[in-house]
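Participant: generate a structure from the sequence data that follows.
(3 chains)
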Amino acid sequence: MKDSQKIEAVLFWKGEPMTLSAISKVTDISPKNIPGALKELEERLLSGGLCLVQRDEEVAIGTRPETSSIIESLAKEELRRDIGNAGLEVLSIILYLSPVGKSRVDHIRGVSSTFTVRNLLIRGLIERVSAEGIRGHAYRPTLELLSHLGLSKLEDLPDYVSVREEILNREKRVSESEEKEGESVFQKPESI
Amino acid sequence: MKDSQKIEAVLFWKGEPMTLSAISKVTDISPKNIPGALKELEERLLSGGLCLVQRDEEVAIGTRPETSSIIESLAKEELRRDIGNAGLEVLSIILYLSPVGKSRVDHIRGVSSTFTVRNLLIRGLIERVSAEGIRGHAYRPTLELLSHLGLSKLEDLPDYVSVREEILNREKRVSESEEKEGESVFQKPESI
Amino acid sequence: MDFVVKQQGFEGPLEKLLELIEGRKLHINDLSLSAVTDEYLSWSKDLPERTIGDTAQFILIASTLLLIKSKSLLPSLTLSEEEESDVVELQARLIAYKRMKLLAATLKPRFGASFIFLEGKRERQPVFSPDASVTINGIFSSIKTVIAGIPVKEFLPETVVRKIISLEEMIVRLSERVTRSISISFKDFTKGVKERKEVIIGFLAVLELVKRGALAVTQDSEFSEIRIESRSPQTPSYS
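Facilitator: Reported below is the predicted structural model:
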């Protein structure tokens, strides 16, 4: 049996996101072969009704976005789409700049996002992660958030690479010039 | 989208046998086209890790028989694994506040507990119950858990009354300061 | 009723600034920022009570706007390197925020529209399997951790408090520089004023006075950039 077949069975049975290392452990597939097998699985799923959702070290199988309305009627539970503008802004920042610290989110929006971030955490749309160079908590999107947007991976977001470069570079320049000039009136974004 | 893709998504999500007429109803595929679509699905699945299981008028997607040893070890590993801090936190909230809705558990912890709750269900530590005034599912500890802890009733938990009061007080303060920040349009947890 | 849906009622300072600039169909630059300064400040007068952190953000941005406006009214005013970089950064922040706001708007219709269902309905037969941590003691210490983790209140970091104080100082210094540069004494304009907002509004009133006064008493070419044509003939008296 092929590696991609084993992974498909495991992800189907588990029915929730799994880390690549957990997959490797249970299937006995060497970690270095996992990405290739996932690629193969992703391509095979394309012709069917399922899709792979992936971010960093985590992966899950889900139903294709095109079948959304059918499954929703089956689930008999209304999806919660009520998300305010503040929530959307914070989500965009975390989607495009992840991993990103809260002080940076606040700095970009010019307003404190404490409770918005908390509510996004509660809804399972973002999660805490520790990231190098970021003081305090950093945040990143969950697979749940990708699934809300019907995205298989972050790179499928519109202008993902260019926005990331644009904003990260600008902030880097600003924080470098601030360091040169000493204290700024504004809170600095943490370094990347 | 092809009929066989719709059926695959529905069966995947459902994870249990469905009658052909139920499939026809939810997917809007005419009953006379179902057998053909199932045949196509069956053939497509052959190259993957899943398979179609058909009996009389019922059909389901399952993992391929060749993967059974992997699935078995996955199931065992799932039950053997440590419950972890998150698991213990959710368990303690459900013990002290039972019956309690998932949304309240999430609000108290400030993160989503979807997968943790799922794991506690599989491990037979909590169970679903429908409770008045709580939307969606509510949870309570199983009888096995109570007897494992040597409790004859929940009120025998240490500081039962004061712990409940303390949680209530803090929840109230959180929702007050949320109102003050006034930037979220999210729903509050259900009333207690 | 057990669920309450709250309405959005908060507008941040960057959001307001953007709205003012775009409302006038202007680009983000010194000119447009200077043009909307008065509106920004008067909007701020009616703001509801909010956290100290947000108030600090508002004032920090107000001070930069005042710098820009002062500079446009008094081209002779020279800004320090730090002040210049504040101006540059405010513009960069506005541009970045605008970008994010647009992206958020494109996400809005996508959110929840075509969902990928990750968790199925599938349920497994439970097998009772606690681990060693599931004991009365384990549960009790865990519930204490939970209680301690419920947020109580957000406190303003000390650094931001310090920055607010230095902003007040900056406004006073700036007012002195403005005063000196046109040789009319406004030394007492902040006397007895305690609220930061009052200082800012008061200072802007002073700037208005400066503008009119300067136009009235000098024909110095240095001030000719101030548009005389835009003055209404019935100038209100400030004296």
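Participant: from here on, just use CA atoms for contacts and neighbour counts.
Facilitator: OK.
Participant: quick one, longest helix in chain C?
Facilitator: Secondary structure of chain C per DSSP state H: the longest helix is helix C:81-107.
Participant: how about it and chain B, touching?
Facilitator: No: applying CA under 8 Å from any CA of the partner chain, one finds helix C:81-107 separated from chain B by no less than 15.3 Å.
Participant: next, count neighbours for C:Lys101.
Facilitator: Around C:Lys101 there are 21 other residues, counting by other CA atoms under 10 Å in any protein chain shown.
Participant: repeat for A:Leu168
Facilitator: Look at A:Leu168: counted by other CA under 10 Å, it has 17 neighbours.
Participant: check A:Gly133 too.
Facilitator: Neighbour tally, A:Gly133, other CA under 10 Å: 11.
Participant: what about it, which SS state?
Facilitator: Per DSSP: H, G, I helix; E, B strand; the rest coil, the local secondary structure of A:Gly133 is coil.
Participant: over to it: give its phi and psi.
Facilitator: Main-chain dihedrals, A:Gly133, degrees, to the nearest 10: phi 80, psi 0.
Participant: any idea how far C:Leu73 lies from C:Ala35?
Facilitator: Counting by CA to CA, to the nearest Å, the separation of C:Leu73 from C:Ala35 is 11 Å.
Participant: and for C:Ala104?
Facilitator: C:Ala104 sits at a distance of 27 Å from C:Ala35 (criterion: CA to CA).
Participant: ok so, going back, and the longest helix of chain C, what does it pack against?
Facilitator: Using 3 or more CA pairs under 8 Å, 6 or more residues apart in numbering or on different chains; DSSP states H and E as the contact test, the elements touching helix C:81-107 are helix A:85-97, helix A:102-109, helix A:160-181, helix C:13-23, helix C:52-73.
Participant: quick one, helices of chain C?
Facilitator: C:13-23, C:30-45, C:52-73, C:81-107, C:136-149, C:158-182, C:196-217.
Participant: so which bits of stretch A:123-136 are buried?
Facilitator: Applying a neighbour-count criterion of 16 or more other CA atoms under 10 Å in any protein chain shown, one finds A:123-128, A:131, A:134 buried in stretch A:123-136.
Participant: so which of the residues you listed belong to helices?
Facilitator: Assignment to helices by DSSP H places none of the buried residues of stretch A:123-136 there.
Participant: closest one of these to B:Val100?
Facilitator: For those, the residue nearest B:Val100 by CA to CA is A:Arg123; the value is 16.8 Å.
Participant: burial check on the closest residue in space to the closest one that isn't next to it in sequence, number of neighbours?
Facilitator: Nearest non-adjacent residue to A:Arg123, counting by CA to CA, 6 or more residues apart in numbering or on different chains: B:Ser112, 5.6 Å away. For B:Ser112, the neighbour count with other CA under 10 Å is 23.
Participant: touching, B:Ser112 and A:Asn119? I think so.
Facilitator: No: here B:Ser112 does not reach A:Asn119: they are 9.4 Å apart, not a contact under CA atoms under 8 Å.
Participant: strands of chain A, start to end?
Facilitator: Taking DSSP state E as the criterion, chain A carries its strands at A:18-19, A:50-55, A:58-63, A:100-101, A:126-129, A:138-141.
Participant: minimum distance to chain C: which of those strands has it?
Facilitator: Of all the strands of chain A, strand A:58-63 sits nearest to chain C, with 4.3 Å by CA to the nearest CA.
Participant: now find how far off-centre that closest one is within its chain.
Facilitator: Mean-position distance between strand A:58-63 and its chain equals 13 Å (CA atoms, centre = their mean, to the nearest Å).
Participant: so is that strand next to chain C?
Facilitator: Yes: counting by CA under 8 Å from any CA, chain C is contacted by strand A:58-63 at A:60-63.
Participant: just the residues you listed now: which is nearest chain B?
Facilitator: Comparing the residues of strand A:58-63 next to chain C against chain B with CA to the nearest CA places A:Thr63 closest, at 5.2 Å.
Participant: for that closest one, which non-adjacent residue is spatially closest?
Facilitator: A:Leu50 (4.4 Å).
Participant: what is the burial count for the one you found?
Facilitator: 27.
Participant: C:Gly23: neighbour count?
Facilitator: 9.
Participant: residue contacts, A:Ile70?
Facilitator: Shown in contact with A:Ile70 (CA atoms under 8 Å, 6 or more residues apart in numbering or on different chains): B:10, B:26-27.
Participant: on that earlier part again, need the buried residues of stretch A:123-136 in JSON lines with pLDDT, can you?
Facilitator: Shown next, in JSON lines, are the buried residues of stretch A:123-136 (pLDDT from 0 to 100):
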{"residue": "A:Arg123", "pLDDT": "93"}
{"residue": "A:Gly124", "pLDDT": "94"}
{"residue": "A:Leu125", "pLDDT": "96"}
{"residue": "A:Ile126", "pLDDT": "97"}
{"residue": "A:Glu127", "pLDDT": "95"}
{"residue": "A:Arg128", "pLDDT": "93"}
{"residue": "A:Ala131", "pLDDT": "81"}
{"residue": "A:Ile134", "pLDDT": "81"}
